[in-house]
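Sharing a sequence plus its predicted fold:
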Amino acid sequence: MSKIVRSTSEFLIPFIFIFGLYMIMHGHLTPGGGFQGGAVFASGMALLLVAFGSHKLEKKSKAHVLSMLESTGALAFIGLAFGGIAVGFFYNFLVGSSIFGHIPPSGPNRGDMWTGGTIPLMNMAVGLKVIAGLSLIVLVMALASDKTGSQK
Amino acid sequence: MTQGIFNIPFLAVAALIGIGLYIIVFDRNLIKLVIGITVLQAGVNLFLVSLGYRQHGGVPIYTNACHSNMVLPVPQALTLTSIVIGVAITAFMLSMIMIIYRHTGHIDAKKSRKLKG
Amino acid sequence: MSSLLIHSPILIIAIPLLAAFLTPFISRVSDRARDALVIATLVFVEFLVIILAVDIYRDGPHIYALGASSPLLAMPEHYMVPVRIVLQVDAMSIFMGMISATVSLAAAIYSVSFMRNETGKDKFYTLLLLLTVGMMGLEFTGDMFNLFIFLEILSISGAALAAFRTNFADALEGGFKYMCISAVAALMILFAVGIFYAQYNLLNIAALGQAIQYTMLDKIALTLLMMAFFMKLAGVPLHMWAPDTYSVAPAGITPMIYVASQACMYALFRVCFSLYGVTLNTLTIGWIVIVIGVLSMFVGVTMAVRQSDIKRLMAYHAVSQSGYMLLGVGVGLAVLGNPQALAAYGKQAMEGGIFHIINNAMYKGLLFLTAEALFYSLGTRDLNKMGGIAANMRYTSIFFMIGALAISGIPPFNGFASKLLIYESVYQFNPMLSVIAMMISIITLASFVKVFQSAFTGPILPHFRVVKEVPGPMLGGMGILTAIIIFFSLFPGLIVDQLIHPAVEALISRGAYINAIMGGMQ
Amino acid sequence: MRRVAAGISLTIVIAFLAVTALLVHPFGHPPAQMDDYIIKNTQRETGANNAVAAVVFDYRGLDTLGEATILFTAVAGVVMLFRKREGETTR
Amino acid sequence: MMETPSGFWGPVPWIISTVVAVVIACLIRTLGEKEHKSGVQGQEFLMGNPRLPEEKSHIRAHNIYWGFFQGLRRYYEHATNMHTGIINDYIIWFLSLLAIMLMIVFVVEVI
């Protein structure tokens, strides 16, 4: 891609990444969540791919590493769901505890980061999973189309 | 039936689904077929999310909320789920088409039919 | 033990899911460990299904509310509507669950040696586990939207597995067709779920069943649901994807996709009997199911005789056999509003249809596996190129013969038992249908005679002299299914009384299904 | 012939969809027994201010697990499709 | 034993009666000619035609039931033309069946 695209995306990408991570972190307080933030982050990856080419991106992030990350996210998610199995699968076992366990006052409030029980943790797990999964899809498809292009 | 005039979003849903089905049925290009399925998904998602709208309602989030009247949260969650499913299906079908193209050299549904009869 | 029982509905879904997420890590360690993990997971699932089945057949249905303060609490306290997702496992669900678990286990064992020379085996096993998860979830869930989710899991993993042999162009074509029709069908289901949600603000099947009024909107939703499920279960004239997909899928996967389509048939029955039940116009809907069933039987079998590709032939037979199940259960549905007829022959017709599901999963699975064993040894699926291999592949030909006799309804095999039930009870409903069913059975036998004659008997062709029997695990996978077939053949009365009858009762008694969730408020 | 049949059936299906659109509850006034419970109790039961996040991860958690599984399945499928094979031939 | 609407079905009596029938058949067979020699029937015998090689004498799959297909030729032409193998046609079938079913359900309500 041309220099303009590359320098613009170099400038933009940190903001996109940070915005994606912000959305993941604040999923239980503001609009957004793991899927949306992950999609934003992965769109940053897609921008990287468009600007710098798939081979350059592949040097930075190997496909099997992304695959592992995705599995880690999925395992963390299902692990959190299993965490409440003493009561029931998907039971929100962290409500009332010290990690994310505060219970907000009912009705409109200012929003406390440490609320939500397992929900913020699940948001993070899903966010990791979606980031890795969507990046992997984009990367694999780009690499494959590159290969077919070079063979012609 | 007097309320029918207010159901314009639902009529838009019918139109979107109709367009999606039209593309799926009449277009022989496999990529356009996937586009048709995406339009169909958009129609169904619009249906789901517009089911949950409550008049003069705000977002169902209590952080700094000023509305007492909130729209329904469940349809939004369902739509979110269905959008992610749509992304997954689209990616998967497009990569299948890429491999079909690699094998046969075209993406015409009429030509790529080894299996018939 | 009892807490394991309480949690087993979700564990049956969650354990293979956990194993599927773990497979990428394990397969970096060693291939052998991954195979062992997959087999162990499926054995554990089978074990859980069996202990759950024993409990359900003894004590009645289980429910499991996800995330509630107690899993047995379907609704929040002091509230009349289920808010959370509830899994509801009754005799019919667990019956289908046993079929899925058994066929998955046999397919995994078979694949261990069949897939030895393939690349990408870690993805293969991940997708196989996910297909199992999809089937189990579809059968156990008590929530309409959740049903859609599991249907999608089943569709994507099934399509990916069907397209697994990416070096053949037709494998991709079969997989793509499956994915395409699944996507359209699933979107129709989602639209129907939206219609339910718009009217009643409910997603739980039992709660919807209590609230449903069969308005115009409900009729449209019913039609959408029925057509989508007919598409997924390959009822004529929506069956055309079935031969394409079944014939290209690798061995072991074909029976699983077939069982997955039977899980969709279960979903159809669940919608017709438990969600709508007597509120719908049972005669009309029953006749629709019957007509599609008879068309499936006829078109499936006549197309099957014509085929020269062995897997395509068996795929058409799969379509044709689905027709028997639709016929049996359709007769039950048609007389659902008429208690006398239901007691006289309706229940027995349904018993026949549902007995046919499990019989068919077993012998059809066996036949698909033998077909793929032939492909493995001979390198071709074309019947015109085969000949005289019975001498070299003794066990495979014996397995094939048992499967072929069972599917054609030759006594004393189990196919005869279920077909006899269908013939006799359908005869009282409408003699013509019964006569057609018998005719179809004869053509089925004829087409298997064709396969047996052209592939196994006759003089051995010179280039097949060196052909050897398939390796042990493949024989093991076929052997499991054969053993089950022989067991079913010897004790049909036991199976019908112990397994089928409670399942039919669970399907018919809509009030019990609704009360299991909504019972607190009566 | 095929196109005519497809056109007629498409018209009928769209007509029924339009009927559905007119028969559904008036836009903006949905029945809300289940959702009112969630809106009222989300903070007490799950501690989350965001009712949508509470629905996604708590009330309907299995749906989200299934959705994550679908994404996982699609990724596995895509990687499987583009895997390297020995004896790979293009065309 | 399995109850059916008009009787019962059990594989064990069936197997026992089959075994009895086979035993009787064998008994009858032993009453036959003792000096019979086998082996003559398999060879070509006064046919005049040369013996075919083995792979030619095998009847291939597409030759089986030739008459059946010939008799039902018109049905099979229609049926194979139906299975076009084009994915759009599958969706067309779906749509048309959906339209027919919607009409049926609608008409039944009106009547």
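That came in fine, so what should we check first?

What ranges in chain D fall below the confidence cut-off?
Across chain D, the ranges flagged by pLDDT under 70 are D:85-91.

what ranges do the helices span in it?
For chain D, the helices defined by DSSP state H cover D:2-23, D:33-46, D:51-54, D:61-81.

Give me the helices and strands touching the second one, please.
In terms of contacts (3 or more Cβ pairs under 8 Å, 6 or more residues apart in numbering or on different chains; DSSP states H and E), helix D:33-46 is packed against helix B:73-104, helix D:51-54. The C-beta positions use only the backbone N, C-alpha and C, and glycine is treated the same way.

closest one to chain C among these?
For the helices and strands packed on helix D:33-46, distance to chain C was read as Cβ to the nearest Cβ. The smallest value, 3.8 Å, belongs to helix B:73-104.

ok, and does that closest one reach over to chain C?
Yes. Counting by Cβ under 8 Å from any Cβ of the partner chain, chain C is contacted by helix B:73-104 at B:74-75, B:78, B:81-82, B:85, B:88-89, B:92-93, B:96-97, B:99-100, B:103-104.

quick one: which of those has the most company?
The most crowded member of those, judged by other Cβ atoms under 10 Å in any protein chain shown, is residue B:92 (29 neighbours).

Quick check, central residue of chain B?
Central residue of chain B (Cα atoms, centre = their mean): residue B:41, 1.4 Å from the mean position.

wait, isn't that residue in contact with residue B:86?
Yes. The pair residue B:41 / residue B:86 is scored as a contact, 4.2 Å apart, by Cβ atoms under 8 Å.

where does chain E dip in pLDDT?
Residues of chain E that meet the cut-off, pLDDT under 70, sit at E:37-55, E:111.

Do you have the helices of the chain handy? List them.
Since you didn't name a chain, this refers to chain A. A:3-25, A:34-52, A:54-60, A:63-83, A:118-151.

switch to chain E, that's the one I care about
E:11-30, E:54-57, E:66-71, E:73-82, E:87-110.

quick one: which of these is nearest residue D:79?
Residue D:79 lies closest to helix E:87-110 among the helices of chain E, at 24.3 Å (Cβ to Cβ).

And the residue nearest the centre of chain D?
What sits nearest the mean C-alpha location of chain D, by Cα atoms, centre = their mean, is residue D:67, with 9.0 Å.

Does it touch residue B:86 like I think?
No. The criterion here is Cβ under 8 Å, and residue D:67 misses it with residue B:86 at 10.7 Å.

hey, where'd the helices end up in chain B?
Using DSSP H, helices in chain B cover B:8-26, B:30-51, B:73-104.

what does the average pLDDT come to for the last one?
Averaged over helix B:73-104, pLDDT sits at 93.

Flag the shaky bits of the chain, pLDDT-wise.
Assuming you mean chain A. A:147-152.

other chain: chain C
C:1, C:520-522.

which SS state does residue C:217 fall under?
With DSSP: H, G, I helix; E, B strand; the rest coil as the basis, residue C:217 sits in helix.

mind listing what it touches?
Residues counted as contacts of residue C:217 (Cβ atoms under 8 Å, 6 or more residues apart in numbering or on different chains) are C:195, C:198, C:199, D:20, D:23, D:24.

same check, this time on residue A:120
Residue A:120 neighbours (Cβ under 8 Å, 6+ apart): A:25, A:27, A:28, A:100.

sorry, back to before: so which of the helices of chain E is the most surrounded?
helix E:87-110 (a mean of 19; mean count of other Cβ atoms under 10 Å in any protein chain shown).

Phi, psi for the residue most central in space within chain E please.
With distances taken as Cα atoms, centre = their mean, residue E:65 lies nearest the centre of chain E, 9.7 Å away. The phi/psi pair for residue E:65 (degrees, to the nearest 10) reads phi 60, psi 40.

From chain D, how far out is it?
31 Å (Cβ to the nearest Cβ, to the nearest Å).

Just to check, that residue is in contact with residue C:451?
No. When contacts are counted by Cβ under 8 Å, residue E:65 is not listed as touching residue C:451 (11.7 Å).

Count residues in the vicinity of the nearest residue to residue C:216 once chain neighbours are set aside, would you?
Spatially, and ignoring its direct neighbours in sequence, residue C:216 is nearest to residue D:23 (6.0 Å; Cβ to Cβ, 6 or more residues apart in numbering or on different chains). When neighbours are counted by other Cβ under 10 Å, residue D:23 registers 19.

Quick check: residue D:23 touching residue C:218?
No. Using Cβ under 8 Å, residue D:23 is not in contact with residue C:218; the gap is 10.3 Å.

Contact partners for residue C:102?
Per Cβ under 8 Å, 6+ apart, neighbours of residue C:102: C:46, C:361, C:362, C:480, C:484.

show me the residues around residue 69 that make contact.
Answering for chain A, as no chain was given. A:128, A:129, A:131, A:132 are the contacts of residue A:69 under Cβ under 8 Å, 6+ apart.

I was after chain C.
If you count contacts by Cβ under 8 Å, 6+ apart, residue C:69 has them with A:87, A:88, A:91.
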